[in-house]
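S.K.: I'll drop the sequence and a predicted model, then ask my questions.
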Amino acid sequence: MTPFTWCYMLSVWAVIIAVNAYCFYRILTRGGRRDD
Amino acid sequence: MRQGATDGWATRFGLIMAMAGNAVGLGNFLRFPGKAAPYGGAFMIPYFIVLLLIGIPLMWMEWTIGRHGGGYGHGTTPGMFHRMWGNRVSKYLGIFGVLLPAMVGVYYIYIESWSLGYAWQTMTGAYWGKTSNEEMKGVFVSFLGMDGGPFSFSPQAYFFFLVTLGLNILVFSRGIAGGIEIVAKYCMPVLLVLGVVLAVRVFTLPPVEGRTVSDGLAQVWRVDDWSVLLKPDIWLTAAGQIFFTLSVGLGMVHTYASYLREREDVTLSGLASAGTNELVEVVIGGSIAIPAAVIFFGVAQTQEIAKSGTFFIGFYALPVIFQQMPAGQFFGTLWFILLFLAGLTSSMAMFTPLLVFLEDELRFTRRQGVTLISVAVFLLMQPVVLFMHHGIVDELDYWMGEVGLVLFVAIESVVFSWVFGMDKGWREMHLGAELRLPRFFYYIMKYVTPTASVVIFLWWCSGSLWDKLLMKGALPGDRPYLWLARGMILAVAAFLVWGIHHAWKTHPKFFEEAGKDGEGGE
């Protein structure tokens, strides 16, 4: 792995984790029940 | 929620976990390494492009189609397509959304049962001492009973098949809130924890003959040869992997989404389920099988193993590796339990569209529907189990899991974006949306996704379709069994055609004109 490849991989991981964190933060802070 | 439905999602977290579980499956841990390894890091470039331009937009489309159809009392794509396009053929195009998941389920459950069997074999150390790929191939062949005789039968594999089938029937027969949602809510977090534990184990492996985890990750991420991107097959493989891993083009997302309320969010939820799938596939799945295989076998041998068969890394190579690592029996058992849970969270959704079709369109009771499906699936699975060595699984997978899936993706994206109309589709998608999509995606969904889907399908057809149709290269002794597989597909398809014809003739709600309340194509 070159430094560039590490940066590329970690950037992709960061984007995926950030998307998940954003979505689940929005979903869970609105309450778990669908009728809330 | 779908008109007339007595079942539904109890919690939003449960809905997201079920949708994510539907997507997270054997494709994430077995198919992904098998498809990516031969190309090296170049594979990830078309993979992410297809994900962004086709995969995620399709996910949003399917959630929207499902919720829209559910508002009219349709839980499956024949009725949903009928509501989007008031043409008499539209409902028949929707057959794929019931046929594909059911027929994929027929062989998927069998593969899933291997994971359970291998978890048991690993836990008991049954194959310990078989430390080469060739020896593990022998273990695999023996486990499935493919080592001679007219049938591929072994009591052990058959036992695990029965357990897995029984478990799937038990879950889906209990419905959405009482079965699928409960299993997804508990299995998905467990699956994530198992995946992280295994990835950490791979990251802490000591070097083998100078090869480190860095070399393993390079096989997933480093692009050594950019010219490979000019070859069509890497794009088709990446597209096939995205469709399969997101479980789009199969009809299951539509059915799950049909239980949403009219103004319940689909954009944020759709992105969350796709995001969870990518977390499991790219971050976790990409850090287990390929890196471990490269550390122990080197790049060349890993590519050779992956090219030999989609499941060879998971069932041949990794068991060899587990035998060479400290606490390998423990981590090996975790690996196969992980595969089994991933398979279960997908397979439990596969017969749901057929069950809902029987309930909604043919007026079956839940009990009647479950009984019919259980008996039919058990019978259809017998040739899969007993004649696997004649290529029945490969034949079903080609027509249902590859051609059928790509065809249905093309159909649904064209129907949604061009027939139903993207303006109407965009408005429908944003009803109650908690995430306003950038306008960029409007143009992607209007122009790029349907065009690319059709091109991919035509490209696919121009490749191996005719050779496959004419069974070129198939052994003469295998041909009757390949015809049997095709006969099974046609029999189920014929039943569904009859079912749709019958339902539209007999059920009052279908006599309503699709266009009278402003629905139908633009």
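M.R.: Thanks, I have the structure now.

S.K.: from here on, just use CA atoms for contacts and neighbour counts.
M.R.: Noted.

S.K.: spell out which residues of chain B are next to chain A.
M.R.: Within chain B, the residues that sit near chain A (Cα under 8 Å from any Cα of the partner chain) are B:9-13, B:214-215, B:217-218, B:221-222, B:268-269, B:271-272, B:275-276, B:278-279, B:282-283.

S.K.: which among those count as buried?
M.R.: Buried residues within the residues of chain B next to chain A, counting neighbours by 16 or more other Cα atoms under 10 Å in any protein chain shown: B:9-13, B:214-215, B:217-218, B:221-222, B:268-269, B:271-272, B:275-276, B:278-279, B:282-283.

S.K.: filter those down to just the ones in helices.
M.R.: B:12-13, B:214-215, B:217-218, B:221, B:268-269, B:271-272, B:275-276, B:278 (DSSP state H).

S.K.: can you pick out the most distant pair from these?
M.R.: Maximum pairwise distance among these (Cα to Cα): 40.7 Å, between B:Arg12 and B:Asp215.

S.K.: and the residue of chain B that's closest to chain A?
M.R.: B:Thr11 (4.5 Å; Cα to the nearest Cα).

S.K.: show the pLDDT at that residue.
M.R.: If you check B:Thr11, the pLDDT there is 90.

S.K.: kindly report the same for B:Ser308.
M.R.: 80.

S.K.: can you give me the neighbour number for it?
M.R.: For B:Ser308, the count of nearby residues is 13 (other Cα atoms under 10 Å in any protein chain shown).

S.K.: B:Gly8 versus that one, what's the distance?
M.R.: 43 Å (Cα to Cα, to the nearest Å).

S.K.: ditto for B:Ile411
M.R.: From B:Ile411 to B:Gly8 the distance is 27 Å (Cα to Cα).

S.K.: kindly report the same for B:Gly270.
M.R.: 17 Å.

S.K.: the two - which one has more neighbours?
M.R.: B:Gly270 (25 against 20).

S.K.: which residues touch the more buried one?
M.R.: B:Ile56, B:Met59, B:Trp60, B:Trp63 (Cα atoms under 8 Å, 6 or more residues apart in numbering or on different chains).

S.K.: next: B:Gly21.
M.R.: B:Ala184, B:Met188, B:Asn277, B:Ala342, B:Thr345, B:Ser346.

S.K.: just the buried residues of stretch B:288-305, please?
M.R.: B:288-299, B:302-303, B:305.

S.K.: take the residues you listed and keep only those in strands.
M.R.: Applying DSSP state E to these, no entry is found in strands.

S.K.: please narrow those residues to those residing in helices.
M.R.: Those of those lying in helices (DSSP H): B:289-297, B:299, B:302-303, B:305.

S.K.: residue 27: neighbour count?
M.R.: Let's take chain A. So A:Ile27, with other Cα under 10 Å, has 19 neighbours.

S.K.: you looked at the wrong chain, it should be chain B
M.R.: Neighbours of B:Gly27 under the rule other Cα under 10 Å: 26.

S.K.: contacting residues around it?
M.R.: B:Gln241, B:Phe244, B:Thr245.
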